[in-house]
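*Asks:* Pasting the sequence and the predicted model now:
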Amino acid sequence: MLIRIRVGLAFAVITALSFVAHAAYAQTALTPALSEGNTAWLLTATALVLFMTLPGLALFYGGLVQSRNVLSVLMHCFAIAAIVSVAWLAVGYTLAFSDGGRLNQWIGGLGKAFLSGVGADSLSGTIPETAFFMFQMTFAIITPALIIGAYVERIRFGAMVLFTILWSLLVYAPVAHWVWGNGFLADLGVQDFAGGIVVHLTSGLSAIIMAVMVGARRRFPHEVHPPHSPGMVMTGAGMLWVGWYGFNGGSALAADGAAAMAITVTHISAATAACTWMAIEYFRYGRASCVGIVTGAIAGLATVTPAAGFIGPIGGFACGLIAGVICFEAVSLIKSRLKIDDSLDVMAVHGIGGLTGTLLTAVFGAKALGGLGLSKLSVGDQFIVQVIGLGVTAAWTVAVTVVIIWFVGRTIGLRVSEEDEAEGLDIAAHGERAYDLR
């Protein structure tokens, strides 16, 4: 009898331990574990995207302006990197990527302001949340930095600072939440892998609005000086191209085949668009320019950005070919026909490129055209969803940007004096020169 009791107790203990072990295993299987490979890749991608702004975009834009304004452009890029980083820590990240409760379809909550509750062990999927925070911060930095190209050589430094803060929190953060933070556009099925809507459409539209409301540079369009340093432009563009591997490849948030394909189609699109732009210039004007070929590459990069995680090599080639043609014509349309001084072609390259790529995502994401077939909708239905995403974002961006620029103009003032513009913003705004030509 005693033996039976002991055997029964042993069996009960073994059964209980087995149940506990199974429950622990099941819980472990449901809880994502830290992936060192994914983390290492995302940290690398983060550095690459910051490299796009500092120094890539700074040199690209700096070479396109006059020598008396190059330092002001570098200052704008560096200041925006610092300003947006602080704003992102304070409230930008939590508005874009935290749970907003009942308002989650529209905006995140304040639960992660100043990274409250986020520690070294906090995970976002298989990566540390701090790594995800930093990666997304670099996107928040470069997006308003792109707008610099619309107001170079004539805006007050204080106006740039105030505009950047307000725009980052009132335009960028909500749109990022709608698309990437489980907002209503994500629920609708909008596909934007790395920022055709969130980054390029918002910055492009805001740039052309800024160009109109600030006004054209002196003597535009009758007297427009060529870029002071095409070599600097190409150097910056090269950095942007390399950094874009982190921009698009990092958006997979994993070191896997999706990241590899995103980088592949990104490179194909950039190369194809550069060749297309170069060919158009050669056959239309009899020569191909350094500034032209790099502008074409940037157009291809901007266009493939929303599609990079959904298309294959055929789609990358198509994005580059179409971007080279459409963005080239958009530059002429905006400056020559509409007479809008979007000085460094932000709308033509980034806005039109992002819009085009967002629509092409629906087409070339289909398996029949070499895509990955990740959409649950038909090509036609996905195209309609993409149009809705573009339309809603465009309406919000335009309305809020107009209000922000109006407010900045009424409080600080938008434009420098004619004397300061003629002297150049390097001396007038910062008391320094980029070059000592004595």
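*Replies:* Arrived safely. Numbering: from 1, shown residues only.
*Asks:* Low-confidence stretches in the protein?
*Replies:* Scanning the chain for pLDDT under 70 picks out the ranges 1-31, 437-438.
*Asks:* And the strands in it?
*Replies:* Using DSSP state E, the strands of the chain run over residues 123-124, 127-128.
*Asks:* Of those, give the one that comes closest to G243.
*Replies:* In this view, those are compared for proximity to G243 by CB to CB, and strand 127-128 is the closest at 19.7 Å. Heads up, the C-betas are built off the backbone N, CA and C, glycines and all.
*Asks:* in its sheet, what does that closest one sit against?
*Replies:* Strand 127-128 has the following strand partners under DSSP bridges: strand 123-124 (antiparallel).
*Asks:* and the strands of the chain, which is most packed in?
*Replies:* Most buried of those by mean neighbour count (mean count of other CB atoms under 10 Å) is strand 127-128; its value is a mean of 22.
*Asks:* Centre of the chain to that strand, how far?
*Replies:* Taking CA atoms, centre = their mean, to the nearest Å, one finds strand 127-128 lying 21 Å from the centre of the chain it belongs to.
*Asks:* quick one: contacts of that strand?
*Replies:* L34, S35, N38, T39, L42, A120, D121, S122, L253 (CB atoms under 8 Å, 6 or more residues apart in numbering).
*Asks:* Please identify, among the residues you listed, the one with the most neighbours.
*Replies:* For the contacts of strand 127-128, the largest number of neighbours (other CB atoms under 10 Å) sits with L42, at 28 neighbours.
*Asks:* out of the strands of the chain, nearest to G389?
*Replies:* Per CB to CB, nearest to G389 of the strands of the chain: strand 123-124, 23.5 Å.
*Asks:* top helix in this structure by residue count?
*Replies:* Assignment by DSSP state H gives helix 379-411 as the longest helix of the chain.
*Asks:* Packing partners of that helix?
*Replies:* In terms of contacts (3 or more CB pairs under 8 Å, 6 or more residues apart in numbering; DSSP states H and E), helix 379-411 is packed against helix 157-167, helix 173-180, helix 184-188, helix 202-214, helix 352-364.
*Asks:* what sits up against the shortest one?
*Replies:* Right, the one you point to is helix 184-188. Counting by CB under 8 Å, 6+ apart, Q105, W106, W178, V179, W180, I197, V385, I388, G389, V392, T393 sit against helix 184-188.
*Asks:* Is it possible to mark the buried ones in these?
*Replies:* Buried subset of the contacts of helix 184-188 (neighbour count, 16 or more other CB atoms under 10 Å): W178, V179, W180, I197, V385, G389, V392, T393.
*Asks:* For those, work out which two are farthest apart.
*Replies:* So, the buried ones among the contacts of helix 184-188 by CB to CB: farthest apart are W180 and V385, at 15.5 Å.
*Asks:* Enumerate every residue touching I352.
*Replies:* G204, I326, C327, A330.
*Asks:* how is this protein carved up into domains?
*Replies:* 1-31, 37-430 (automatic domain parsing).
*Asks:* Rebuild those as JSON lines, extending it with distance to D436.
*Replies:* JSON lines is the format used below for the domains of the chain (distance: least, CB to CB, whole Å):
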{"stretch": "domain 1-31", "distance to D436": "60"}
{"stretch": "domain 37-430", "distance to D436": "11"}
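*Asks:* out of those, deepest packed?
*Replies:* Highest mean neighbour count among those (mean count of other CB under 10 Å): domain 37-430, with a mean of 21.
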